[in-house]
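In: how would this look folded up:
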Amino acid sequence: MFDMDSYVVPKLSLEGKSFSVRVPSSKSMANRALILAAQTKGDFLLKGDFAAEDIQLMVEALRKIGVGIVEKSDSLCISNDLSWRRNEAEIELYLGNSGTSLRFLTSLVCLRKGNTVLTGKERMKERPIKDLVDALRQLKVRIEYLEKDGFPPIRVVGSEKVIGGSASVRGDVSSQFITSLLLCAPSFEEGLRLKISDELISKPYVDLTLYQLREWGAVAESSDVPSEFHISRSVFSAANREIEGDASAAVYWWALGFLHGAEVTITNVPLTSLQPDLKFVRVLELLKKRKSGQGEFEIDMNDMPDASLMLIALGATLDYPIRITGIGSLRVKETDRIAAMAAELVKVGSAVDEGTDWIRIGPLAKELVQIVQIDTYDDHRVAMAMAILGTKLGNLEISDPDCVNKTYPGFWSDLERFTS
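Out: Presented below is the predicted three-dimensional model:
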């Protein structure tokens, strides 16, 4: 892990070379697994690399509510008798800028007898949670907004049990609201029948949730028309499980290989993975086949919004314009990611236009000859995407590089490996 105020990205020459990288365990899969582990009685292991800040915040929150977790170098040792559900004390959980953790835990702590306050950084207080709260209120859960309606911090009034039944939720703001409800539905007295009232964005992430629920033994059914999910009440059996590498982290190394004509193999992301960002490999294949005379290239990244930041950065290196659509959810992430990437690409000389849920990037106008300071907005994905671009352009200095600790603490060390 680096500790520095800024990082000057090395310009690389990698054509024809081969590399292998092992990425951290999937944050998406790890945090889903931890919510399921909190509902599982017994002693068991989750195996993997869990150093990412988002996972650490989830682990610490579960410990604070009373789930036994001991961390080792290559695993989390879970010891859970479910007594945390009977704890009557009011507990405050500080979740930094981890929207995943706050949203997933909102449904879980409904199962506590005591009240739970969930809060985080100032940016967290600007990230919407109203649709999830409204759905839980349909299930007779009491939730109070402590500052601004529709946003954290919130207080979940505990009851130790949730009856469950039927509820509806919007699907066009964040799939994490749906995942939060589905992950905890096996512990609801009557399970859950959840109807999606609008377009479901990032559907592959909901499919990943269903896969993990079934892997743990839940009965999880879904239908596309109408779009709804039915989760039966279930009791999970304790078993050791390993969390595969993070495809969202692998995206940066696949992009590096694309930029430099190198072969980069990710050793711990199986090609059979259901992680949505595995599809980024296909996007890169489309770009390789594209010819400059074919005009503007347009692609919908609704299914893999996290990977779209890397694609936005790659757009500056192409010899044709690229228009990326279906990314409206980026406006309410760690920062407004569309605006952030647009601002930074303008600095390096790319022509950029943006709309509510799209961005268009034109080729660079000239070569960089002076150092350009890249702002990262406390956003790990902005930092990593612009760093990979920097290996092609040179002269990029990344501010606040430690923000990558949120999901990939070893990113800079891994990048340095390509310089040797």
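
In: Mind splitting the protein into its structural domains?
Out: 6-24+245-419, 27-242 (automatic domain parsing).

In: In a markdown table: those, plus mean pLDDT and mean neighbour count.
Out: C-betas here are computed from N, CA, C, even on glycine. Listed next are the domains of the chain as a markdown table, based on pLDDT from 0 to 100; neighbours: other C-beta atoms under 10 Å:
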| stretch | mean pLDDT | mean neighbour count |
| --- | --- | --- |
| domain 6-24+245-419 | 96 | 19 |
| domain 27-242 | 96 | 19 |
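
In: Run through the helices of this structure in chain order.
Out: 27-38, 53-65, 99-108, 130-138, 175-184, 203-215, 247-260, 280-289, 305-315, 337-347, 380-393, 411-416 (DSSP state H).

In: which residues touch residue 175?
Out: By C-beta atoms under 8 Å, 6 or more residues apart in numbering, the contact set of residue 175 is 200-203, 205-206.

In: which among the residues you listed gets closest to residue 134?
Out: residue 200 (16.4 Å; C-beta to C-beta).

In: roughly how far apart are the nearest residue to the closest one once chain neighbours are set aside and residue 134?
Out: Closest residue to residue 200 apart from its sequence neighbours, by C-beta to C-beta, 6 or more residues apart in numbering: residue 171 at 3.6 Å. Separation of residue 171 from residue 134 (C-beta to C-beta, to the nearest Å): 13 Å.

In: Ok, residue 146 next?
Out: 17 Å.

In: and if you look at residue 52?
Out: To residue 134, residue 52 is 30 Å away according to C-beta to C-beta.

In: Please apply the same query to residue 20.
Out: 46 Å.

In: what's the span of stretch 49-57, first residue to last?
Out: End-to-end distance of stretch 49-57 (C-alpha to C-alpha, to the nearest Å): 14 Å.

In: 16 is where my numbering starts, stick with that
Out: Fine by me, first position is 16 from now on; the one you just mentioned is stretch 64-72.

In: OK, contacts around the residue lying closest to residue 98 once chain neighbours are set aside?
Out: Once flanking residues are discounted, residue 98 sits nearest to residue 81: 6.4 Å by C-beta to C-beta, 6+ apart. Counting by C-beta under 8 Å, 6+ apart, residue 81 makes contact with 98-99, 102.

In: Which of those residues sits closest to residue 326?
Out: residue 99 (41.2 Å).

In: pretty sure residue 148 contacts residue 169?
Out: Yes: if you go by C-beta atoms under 8 Å, residue 148 and residue 169 touch, sitting 6.7 Å apart.

In: Overlap in contacts, these two.
Out: 121, 158, 160.

In: In JSON lines: the residues you listed, plus distance to residue 328.
Out: Listed next are the shared contacts of residue 148 and residue 169 as JSON lines, based on distance: C-beta to C-beta, whole Å:
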{"residue": "121", "distance to residue 328": "32"}
{"residue": "158", "distance to residue 328": "38"}
{"residue": "160", "distance to residue 328": "37"}
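
In: which one of those is nearest residue 412?
Out: Checking those one by one against residue 412 (C-beta to C-beta), the nearest turns out to be residue 121, at 38.2 Å.

In: what's near enough to touch that closest one?
Out: 133, 144, 147-148, 151, 158, 169, 171, 195.

In: in the stretch 116-265 of the chain, which spans are strands?
Out: Taking DSSP state E, counting those that start in this stretch, the strands of the stretch 116-265 of the chain run over residues 131-134, 157-160, 169-172, 180-184, 207-211, 235-238, 243-246, 256-257.

In: mind checking which of those is nearest residue 370?
Out: strand 207-211 (24.6 Å).

In: didn't residue 163 look like it was pressed against residue 137?
Out: No: in this structure, residue 163 is not within contact of residue 137 by C-beta under 8 Å, at 11.6 Å.

In: so what's in contact with these two at the same time?
Out: Here residue 163 and residue 137 have no joint contacts, going by C-beta under 8 Å, 6+ apart.

In: what sits against residue 140?
Out: 134, 162-163, 166-168.

In: and which of these is nearest to residue 233?
Out: Using C-beta to C-beta, residue 167 comes nearest to residue 233 of the contacts of residue 140, at 27.6 Å.

In: Distance check, the closest one against residue 74.
Out: According to C-beta to C-beta, residue 167 and residue 74 sit 20 Å apart.

In: Could you do residue 405 as well?
Out: 32 Å.

In: Next one: the residue of the chain most remote from its centre from residue 336, what distance?
Out: Most distant from the centre of the chain: residue 308, at 35.7 Å, with distances by C-alpha atoms, centre = their mean. From residue 308 over to residue 336 the distance is 13 Å, taken as C-beta to C-beta.

In: ok, now which ones touch the closest residue to residue 120 other than its chain neighbours?
Out: Counting by C-beta to C-beta, 6+ apart, residue 120 lies nearest to residue 76, which is 5.8 Å off, once chain neighbours are set aside. Counting by C-beta under 8 Å, 6+ apart, residue 76 touches 108, 110, 116, 120.

In: and those residues as a markdown table, adding distance to residue 322?
Out: Below are the contacts of residue 76 laid out as a markdown table (distance: C-beta to C-beta, whole Å):
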| residue | distance to residue 322 |
| --- | --- |
| 108 | 29 |
| 110 | 24 |
| 116 | 21 |
| 120 | 25 |
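
In: Widest-spaced pair of the residues you listed?
Out: Longest span within those, C-beta to C-beta: 108 and 116, 8.3 Å.

In: Do I have it right that residue 289 meets residue 226?
Out: Yes: judged on C-beta under 8 Å, residue 289 makes contact with residue 226 at a distance of 5.3 Å.
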